[in-house]
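[1] predicted model follows, preceded by the sequence.
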Amino acid sequence: MTFKSILLSLAAVALIAVGCNGPDEPDGPDNPDGPTLSDLQIYFGADEYAAEAGETISIPFSIAGVEGKSLTLGVKADNDFVELKVSNDATYAGNIKFTAPSVMPSAGSINVTLSAEDKANSRSTKNTVPVKVSASEPFEAIWLSDMKSVALKDGGSFKVFFTVTGVEPDAVVLSTPVVTVSSGYSAAVTMTSKNEGYVTVTASSISPSVNISLKAEDNFSRSSQISKTLEIVGVQETSGAANCFIVAPGQTKAINAKVKGGSAEPLEFDYAVLLWQDTRSLVKSVAGSGEEGVIVVQTNNASGNAVVAAVQGTKIVWSWHLWVTEYDPEAAPLVFTNQSTGVTYTMMDRNLGARSEKAGNADCFGLLYQWGRKDPFVGARGIEEDVLINKYDIDGNVIPDRILAYDWSAMNSGDQNIDLAIQNPDAFIIPKSGSSTASQFTDWLTTVAADQDNDLWGYVSKYKTKYDPCPEGWRVSPTAAWTFRKLYKKGGNLNDSSPYDNTYPWYWDDKKDGGTDAGFYYNDSEKGIKYFFPLSGRRDNASGSQSGTGGGCDYWTPEPQNKYAMVELFAFGNPASETGLRRDYGYSIRCVKDYNY
């Protein structure tokens, strides 16, 4: 190689070196001499995603072909109410934070599009992924009570409570609902929270019924309209006060709802409802007036039992048992004098709530009670069936029996459980299965002995209490009223099969002559009356289920025995037994005329 050739080669190498250290030149179409870059491509972590209305989810992504270049990212959705935010690392792998609309009238798919642009190299790409969003809670106005009737007088007023669903998200603004009522009435809406309120209806003059219509709207152009027609019942005068009232079939009873039970403690409420009836169509209507402190119950021409409740807002504040029967407890009671004390007791000839005093079917069983509670529970439907009799609502639909189970370790005060029982008069209270306190439980009220109330049925005070379940002028029978059970004679031993001597006043009859069922009788030979005590079974303390029907029964007394309560035990081999048993069982009751200890 000549010297001139060597110089030319060195010059070429220098020129290449300078070009490598010079300014960065764009690659691609504007610089066809540079290396070719890969196409940009966006990948999502899945083909589609799902979210609840208002929920925030992450949509992961990655971008191929970046090759160290700077990209501009953008994201959008085909729904204006979606919130989106993109985050990424240096390699442009990242997440889209997707917040679904809080209001979705119906389920649907929202498309999310991510775009990426390399402006320096004139490259761009985009990809779309669908997010399936479920419907939000429906926007719906709902009446909060099933009240059918109201007791009213000219110039009087009442409240009807409502709620509007689907307005919880902060973005939703509910306009004050508009209400219209029948001629002769005026109405105003009061909101007590964002979604709840009540309509106050005032009558200038009462009519047989009133129609109330309510329309709710929000800022998402959603609306809901509801209406109801209430029967108007005239306010009636009340007399007496108790937790149980005897009403003849087809008659109307005006309950004194100014006070709780037979006490002087005042009661405030807004309206009244039927909780249950054990005969379909037993009750025609239940109409309450909080202003007047009265609940008017109209019955049809049928016999049975019903429980009605006074409600304040949406909470039951008191309840009453309607014993619908032709029975007159003064007509032929069992009268017996305790030979030890000289006190004469007058006892009803049938169980509390019984349709009949005669043997032969379950009509003589009556209702069952947990000790110290004022409200009854249904018992067996047949003389040897451990199956509960049906309960019905005001429209005649069968309703389930209620069991309330919870852990008493969270309840440190008996007062709290008293309130629980008052607010749930149709619920049999049991300990929660497997709870830490179930084994300690002997009282539906509490597991703490110091919190037990021994005076719920008047044993301590000696007076009929506001929780006594018997009608006015009657109360739960004490042990001293049952001494007639000692007037028996039985062959052999108590637990063998030898018969009772029916020439004695107190005896057992298991012959079932004429279709009658087994049980004990007290024969008052002077009156020529045999008083029957059926084997009505019990409600189990652990489950609330019916058991022992036709085999035995127990009758509550108002007397505590340590942490238990005294009961009169009834079975073939127990003609006169008394003992203390758990207070959470459901047993029968015989009422006696009010007495002094």
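    Looks like it came in fine.

[2] show me where the stretch 351-500 of the chain has helices.
    For the stretch 351-500 of the chain, the helices defined by DSSP state H, counting those that start in this stretch cover 414-423.

[3] so where's it shaky on pLDDT?
    408-415, 434-440 (pLDDT under 70).

[4] try it again at 50.
    For the stretch 351-500 of the chain, applying pLDDT under 50 flags the ranges 412.

[5] quick one: end-to-end distance for stretch 481-501.
    Using CA to CA, to the nearest Å, one end of stretch 481-501 lies 22 Å from the other.

[6] the stretch 1-150 of the chain: helices as residue ranges?
    3-20.

[7] and Y555, how far from V567?
    Here Y555 is placed at a distance of 6 Å from V567 (CB to CB, to the nearest Å). Where C-beta positions appear, they are placed from N, C-alpha and C, glycine not excepted.

[8] can you pull the contacts of E237?
    Going by CB atoms under 8 Å, 6 or more residues apart in numbering, E237 touches A254.

[9] that one: which element?
    When elements are defined using DSSP states H and E, E237 is found to belong to no helix and no strand.

[10] mind listing residues that contact stretch 177-184?
    Residues outside stretch 177-184 that contact it (CB under 8 Å, 6+ apart): 141, 162, 164, 187-189, 197, 199, 201, 203-207, 209-217.

[11] what about the nearest residue to T125 once chain neighbours are set aside, how many residues close to it?
    Take T125 and drop its neighbours on the chain: the residue closest to it by CB to CB, 6 or more residues apart in numbering is L40, 4.1 Å away. Neighbourhood size, L40 [other CB atoms under 10 Å]: 22.

[12] ok, L40 touching I63?
    Yes: in this structure L40 lies within contact range of I63 using CB atoms under 8 Å: 6.3 Å.

[13] which neighbours do the two share?
    Joint contacts of L40 and I63 (CB under 8 Å, 6+ apart) are L71, A116, T125.

[14] more neighbours, Y555 and V567?
    Each of Y555 and V567 has its neighbours counted (other CB under 10 Å); V567 has more, 26 against 22.

[15] my read: the more buried one touches N574, true?
    No: V567 is beyond contact range of N574, at 10.7 Å (criterion: CB under 8 Å).

[16] most neighbours out of the shared contacts of L40 and I63, which is it?
    Neighbour max across those (other CB under 10 Å) = A116, 22 neighbours.

[17] wait, that residue sits on L73?
    Yes: A116 lies in contact with L73 (CB under 8 Å); the separation is 5.5 Å.

[18] so which bits of stretch 466-475 are buried?
    Residues K466, Y467, D468, P469, C470, P471, E472, W474, R475 are the ones in stretch 466-475 that count as buried (16 or more other CB atoms under 10 Å).

[19] and for stretch 47-59?
    Buried-residue list, stretch 47-59, by 16+ other CB under 10 Å: Y49, A51, A53, G54, I57, I59.

[20] give me the spatial nearest neighbour of the spatially most central residue of the chain, chain neighbours excluded.
    In the chain, the centroid-proximal residue (CA atoms, centre = their mean) is N424; its distance is 7.7 Å. The shortest distance from N424 to any non-neighbouring residue, by CB to CB, 6+ apart, is to L404 (5.5 Å).

[21] that neighbour pairs with what?
    I429 (DSSP bridges).

[22] my guess is it contacts D426. True?
    No: between L404 and D426 there is no contact under CB under 8 Å: 9.3 Å.

[23] comparing those two, which shows the higher neighbour count?
    Ranked by neighbour count (other CB under 10 Å), L404 and D426 place D426 first, with 19 against 16.

[24] quick one: contacts for Q277?
    Contacts of Q277 by CB under 8 Å, 6+ apart are V283, G304, N305, A306, V307, K391, Y392, D393, I394.

[25] my guess is the first one meets N301, correct?
    Put plainly, it is V283. No: assessed by CB under 8 Å, V283 is found out of contact with N301, at 11.8 Å.

[26] neighbour count winner among those two?
    It is V283, of V283 and N301, that has more neighbours when counted by other CB under 10 Å, with 25 against 12.

[27] where does V18 land on pLDDT?
    Note on V18: pLDDT of 26.

[28] quick one: S223 from I295, how far?
    When distance is defined by CB to CB, S223 is 35 Å away from I295.

[29] these two: which is more packed in?
    I295 (29 against 13).

[30] remind me which helix or strand that one belongs to.
    Residue-wise, I295 maps onto strand 294-299 under DSSP H and E.

[31] helices or strands up against that strand?
    In this structure, strand 294-299 makes packing contacts with strand 149-152, strand 223-234, strand 252-256, strand 283-289, strand 304-312, strand 315-324, judged by 3 or more CB pairs under 8 Å, 6 or more residues apart in numbering; DSSP states H and E.

[32] save the ones you listed as CSV, and put in distance to D419 too.
    Formatted as CSV, these follow (distance: least, CB to CB, whole Å):
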stretch, distance to D419
strand 149-152, 26
strand 223-234, 29
strand 252-256, 21
strand 283-289, 20
strand 304-312, 13
strand 315-324, 10
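
[33] deepest-packed of those strands, please.
    strand 149-152 (a mean of 28; mean count of other CB atoms under 10 Å).

[34] after it, which helix or strand is next?
    Trace forward from strand 149-152 with DSSP H and E and the next one is strand 157-165.

[35] past that next one, which element shows up next along the chain?
    Strand 157-165 is succeeded, C-terminally, by strand 178-181 (DSSP H and E).

[36] can you pull the contacts of the closest residue to K119 other than its chain neighbours?
    In space, K119 comes closest to T72 once its chain neighbours are excluded; the distance is 6.4 Å by CB to CB, 6+ apart. When contacts are counted by CB under 8 Å, 6+ apart, T72 is found next to A116, E117, D118, K119.
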